[in-house]
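> I need the structure of the sequence given here:
(one chain, ligands or ions: 2)
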Amino acid sequence: MKVAKFGGTSLANAEQIKKVCNIIRADKDRRLVVVSAPGKRYKDDKKVTDLLISYAEAFLKNGVAQQEKQAVFERYQEIVQELGLSSEVGQQIEAELEEVLSNRAGLSSERFVDAVKAAGEDNSAKVVAHYLRSLGEDAHYVNPREAGMLVTDEAGNAHVLPAAYEKLKQLRDRQGIIIFPGFFGYSEAGELVTFSRGGSDITGSILAAAVKASVYENFTDVDSVYVVNPNLVENPVEIKVITYREMRELSYSGFSVFHEEALIPAYQAEIPVCIKNTNNPSAPGTMIVSEREPSANRVSGVASDSGFCSIYVSKYLMNKEIGFGRKLLQILEEEGLSYEHTPSGIDNISVILRERDLTPAKEARIVERIKTELQVDDIAVQHDLALVMIVGEGMRQSVGTSARATAALAAAEINLDMINQGSSEVSMMFGVKASDADRAVIALYQAFFVQDEVELAKQDRHMTSMMR
Ligand SMILES: Nc1ncnc2c1ncn2[C@@H]1O[C@H](COP(=O)(O)OP(=O)(O)O)[C@@H](O)[C@H]1O
Ligand SMILES: N[C@@H](CC(=O)OP(=O)(O)O)C(=O)O
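Ligands and ions are numbered 1, 2, ... in the order given. Just a heads-up that it's a prediction; the model follows:
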């Protein structure tokens, strides 16, 4: 049994949905299908999830949001009509949307927003099931509550509960093709809760692990994962095989093609993941696996993500002060903050955080507490940071990677605010100003995928001439 997830770009309109259904029908093993809400049809279009969020926000503010509601309805009406589905199907979708969008009774704002957001994938799944049935397939919409997608009760940021797997496993025994909406589950108390944005990838991975799928196919709009964001570099090198570990680091640091939390379930159950293109399904795509053959290239990818900030603290003899790190992190814990990284020196330490979590009020309290409770010599908060990452299993065996990276960044006149090598030695991270991030990624791509290639080719030619 294969689990196939189709992203928003694959469900954006009737033409895309037809491609999705052709892909499903082309392989009898594709029996568990996860769908996202309709995504962008063209560059400046809006995803249905974003339309739904605008609706929910306007409704919460003004008690009505007719224009925003109409924008959502129109997307589904167009799809239903162009797929040639009956008017009853159209009316059913409309009635179900109306019910969710108008039902605020007894729901907190957070729960209402989650319920509205989830309607995007829920109705996508219903449309796809109807369309497959109109083609004569035995396809069924399955609701995540009924199937047992049990998640934590964190609105907009749910995580799967271990108990979910046993229940979801039973999907294996169902007849026909299951069409499962991505992006949400239900808490133990029966409340609808969504994953974080892009979370349909997570649904697919959980289901693949639960039913012990032979592969988790993740269909999107690119032929493969590339070594760098294809929006930054023209025709970048494709990745054919990558390890879970490498992909985890790259997803974390900006490869938005696959959600960073979606790797864990597949990894733990040892389900290979294949990223494929709905618009070109015969392309082999990128395989994500546990182990791969070593390749000539030490670096597998270069990524960057912005939205970070750092709290820099220095104190003479910090290294000798027992409990300093714990006290520092405890202050953050008491403000409800998790931290991302903690690069340190002898007398100084930086704590890197996601900027969205650090409100001005929290920042002021934290700075004051660190000054008074830890008696530090210096403290500075730096905003607008980006983390640029080079990742590769091959970095462990090769010398000079950091020298090459820093030389490339220096040549591009990029100032480094921080350097950190992950303990696993498969990644190296550079903190730069957010405005320098794209240039830094391009410089590193050039150094490791253009210049390295030229040198490898030179060495090859040299070896061949020696052997003659
Ligand atoms: N390294 C990368 N390789 C491939 N795509 C990438 C990479 N980094 C970012 N992307 C972007 O991810 C997009 C696919 O993800 P997403 O828009 O979430 O698709 P979907 O709607 O299918 O879930 C690609 O169109 C591409 O712009
Ligand atoms: N529709 C949701 C969930 C998702 O995974 O979407 P996509 O497959 O388009 O990234 C979102 O936009 O966040």
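> how far out from the middle of the chain is stretch 335-343?
Centroid separation for stretch 335-343 versus its chain: 20 Å, with Cα atoms, centre = their mean, to the nearest Å.
> same check, this time on stretch 247-257
Put simply, stretch 247-257 sits 7 Å off its chain's centre (Cα atoms, centre = their mean).
> same thing with stretch 54-63?
The mean C-alpha position of stretch 54-63 is separated from the chain mean by 27 Å, Cα atoms, centre = their mean.
> pull out the buried residues from that stretch.
54-56, 58-59 (16 or more other Cβ atoms under 10 Å). The way it works is simple: take the backbone N, C-alpha and C, and place the C-beta from them, glycine included.
> please list which of those residues are also close to ligand 1.
Checking the buried residues of stretch 54-63 against ligand 1 by Cβ under 6 Å from any ligand atom, not one of them is in range.
> the residues you listed into JSON lines, with extra columns for distance to ligand 2, pLDDT and secondary structure?
Putting the buried residues of stretch 54-63 into JSON lines (distance: Cβ to the nearest ligand atom, whole Å; pLDDT from 0 to 100; DSSP: H, G, I helix; E, B strand; the rest coil) gives the following:
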{"residue": "54", "distance to ligand 2": "13", "pLDDT": "97", "secondary structure": "helix"}
{"residue": "55", "distance to ligand 2": "14", "pLDDT": "97", "secondary structure": "helix"}
{"residue": "56", "distance to ligand 2": "14", "pLDDT": "96", "secondary structure": "helix"}
{"residue": "58", "distance to ligand 2": "18", "pLDDT": "96", "secondary structure": "helix"}
{"residue": "59", "distance to ligand 2": "19", "pLDDT": "95", "secondary structure": "helix"}
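> which bits of the stretch 1-150 of the chain sit near ligand 2?
Contact residues, the stretch 1-150 of the chain versus ligand 2 (Cβ under 6 Å from any ligand atom): 7-8, 36-37, 39, 47, 49, 120.
> which of the residues you listed are close to ligand 1?
Cross-checking those against ligand 1 (Cβ under 6 Å from any ligand atom) gives 7-8, 36, 39 as the overlapping residues.
> in helices, which of those residues fall?
Assigned to helices by DSSP state H, none of those qualify.
> mind checking how far residue 58 is from residue 72?
Here the criterion is Cβ to Cβ, to the nearest Å. By it, residue 58 lies 12 Å from residue 72.
> just residue 298 next, same as before
In terms of Cβ to Cβ, residue 298 sits 47 Å off from residue 72.
> the two - which one has more neighbours?
residue 72 (25 against 20; other Cβ atoms under 10 Å).
> residue contacts, residue 428?
Residues near residue 428 by Cβ atoms under 8 Å, 6 or more residues apart in numbering: 389-390, 395, 401-402, 405, 419-422.
> of those, just say which sits nearest to residue 281.
Nearest to residue 281 among the contacts of residue 428: residue 389, at 30.3 Å, using Cβ to Cβ.
> secondary structure class for the closest one?
Classification of residue 389 by DSSP: H, G, I helix; E, B strand; the rest coil places it in strand.
> what segments of the stretch 101-250 of the chain are helices?
Remark: helices assigned in the stretch 101-250 of the chain by DSSP state H, counting those that start in this stretch are 109-134, 144-147, 163-168, 200-210, 244-252.
> most tightly packed of the ones you listed?
helix 200-210 (a mean of 29; mean count of other Cβ atoms under 10 Å).
> which of the contacts of residue 428 lies closest to ligand 1?
residue 389 (11.7 Å; Cβ to the nearest ligand atom).
> next one: that closest one from residue 355, what distance?
For residue 389, the distance to residue 355 - Cβ to Cβ - is 17 Å.
> okay, these two: which has more neighbours?
Between residue 389 and residue 355, counted using other Cβ under 10 Å, residue 389 has the larger neighbour count: 23 against 17.
> ok, the nearest residue to the more buried one once chain neighbours are set aside - how many residues close by?
In this structure, residue 389 finds its nearest non-sequential neighbour in residue 253, 3.9 Å apart by Cβ to Cβ, 6 or more residues apart in numbering. Burial measure for residue 253: 22 neighbouring residues, criterion other Cβ under 10 Å.
> identify the residues contacting residue 253.
For residue 253, the contact set (Cβ under 8 Å, 6+ apart) comprises 303-305, 387-389, 391, 427, 429.
> nearest to residue 440 among those residues?
residue 388 (4.6 Å).
> how many other residues sit next to that closest one?
Using other Cβ under 10 Å, residue 388 has 28 neighbouring residues.
> how close does it sit to residue 343?
Between residue 388 and residue 343 the distance, using Cβ to Cβ, works out to 14 Å.
> now residue 265
From residue 265 to residue 343 the distance is 30 Å (Cβ to Cβ).
> between these two, tell me which one has more neighbours.
Neighbour count, other Cβ under 10 Å: between residue 265 and residue 343, residue 265 has more, with 22 against 18.
> mind checking the SS state of the more buried one?
Following three-state DSSP, the label given to residue 265 is helix.
> hang on, it packs against residue 206?
Yes: between residue 265 and residue 206 there is a contact under Cβ atoms under 8 Å: 4.9 Å.
> enumerate the residues of this structure near ligand 1.
Residues of the chain lying close to ligand 1 by Cβ under 6 Å from any ligand atom are 7-10, 36, 39, 198, 220-222, 225-226, 228-231, 255-257.
> restricted to buried residues, select these in PyMOL.
A single PyMOL command selects the buried members of the residues of the chain next to ligand 1 (16+ other Cβ under 10 Å):
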select buried, resi 7+8+9+10+36+39+198+220+221+222+225+226+228+229+230+255+257
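> quickly note the distance from whichever residue of the chain sits closest to ligand 1 to residue 367.
Closest residue of the chain to ligand 1, Cβ to the nearest ligand atom: residue 7 (2.1 Å). According to Cβ to Cβ, residue 7 and residue 367 sit 41 Å apart.
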